[in-house]
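In: got a predicted model here, sequence first, then my questions.
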Amino acid sequence: MSLTRRKFVGTTVTSAAALTMLPSLSLAEGAGEAISAYTGGAATSDTGLTLIAPEIAENGNTVQIEVSAPGAEEIVIFADGNPNPNVATFKFGPAAGSQAATTRIRLAGEQDVIAIAKMSDGTFAKAVSNVKVTIGGCGG
């Protein structure tokens with residue numbers, strides 16, 4: 001088999017298009033699957049957990065978020081647009097002064113930041129915030 005320039009370019013373009021599309025297809029299910037694996041499929045309530053994230057982030061490399069859940073044993077942060085949706089895990093022991101944390105995460109483009117708190121009674125609380133990452137502070 002001889003490889004011509006036309007076949008090489010065609011194969012390269014097709015491969016590049018396929019590789020570009022594959023991550024976006026798996027990202028939508030990535031966070032959902034990770035959350036389900038963390039909670040064991042248990043239902044989550046919308047109360048008991050506070051997530052503070054900016055609506056618009058001018059720099060996607062350092063997006064500051066805050067979480068707090070009084071009575072939580074653990075809080076996990078997920079970003080549904082990241083290749084690895086599990087962003088951070090905070091564990092709180094009995095000597096913790098409060099069950100709250102602040103961190104900076106990296107986001108690319110508009111996506112939901114999801115916080116799941118495992119409460120001391122075994123239930124799970126959930127909070128979601130949509131963050132739009134802009135380029136140079138412009139809304140586009």
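Out: Happy to help now that I have it. The structure displayed is predicted, hence computed values, not measured ones. Numbering: from 1, shown residues only.
In: hang on, isn't Ala115 packed against Leu49?
Out: Yes: using Cβ atoms under 8 Å, Ala115 is in contact with Leu49, at 5.9 Å. Every C-beta, even on glycine, is put in place using the N, C-alpha and C of the backbone.
In: of those two, give the one with the bigger neighbour count.
Out: The neighbour count for Ala115 versus Leu49, taken as other Cβ atoms under 10 Å, is higher for Ala115 (28 against 22).
In: show me the beta-bridge partners of the more buried one.
Out: As for beta bridges, Ala115 partners with Ile77, Ala127 under DSSP bridges.
In: how much space between the closest residue to Thr102 other than its chain neighbours and Ser2?
Out: Nearest non-adjacent residue to Thr102, counting by Cβ to Cβ, 6 or more residues apart in numbering: Glu66, 4.7 Å away. For Glu66, the distance to Ser2 equals 61 Å [Cβ to Cβ, to the nearest Å].
In: quick revisit: verify the contact between the residue nearest to Thr102 and Ile52 for me.
Out: Yes: between Glu66 and Ile52 there is a contact at 4.2 Å, judged by Cβ under 8 Å.
In: one step back: let me know the pLDDT of the residue nearest to Thr102.
Out: Glu66 is assigned 97 on the pLDDT scale.
In: tell me which residues of stretch 111-120 are tucked away?
Out: Neighbour counts over stretch 111-120 (16 or more other Cβ atoms under 10 Å) mark Gln111, Val113, Ile114, Ala115, Ile116, Ala117, Lys118, Met119 as buried.
In: got the contact list for that stretch?
Out: 31, 35, 38-39, 44, 48-49, 51, 53, 63, 65, 67, 69, 71-82, 87, 99, 105, 107, 124-131 (Cβ atoms under 8 Å, 6 or more residues apart in numbering).
In: can you list the weak-confidence ranges in this protein?
Out: Residues of the chain meeting the criterion pLDDT under 70: 1, 8-29, 136-140.
In: just the strands from it, written as ranges.
Out: Using DSSP state E, the strands of the chain run over 44-45, 50-52, 56-57, 63-68, 72-79, 86-91, 100-105, 111-119, 124-133.
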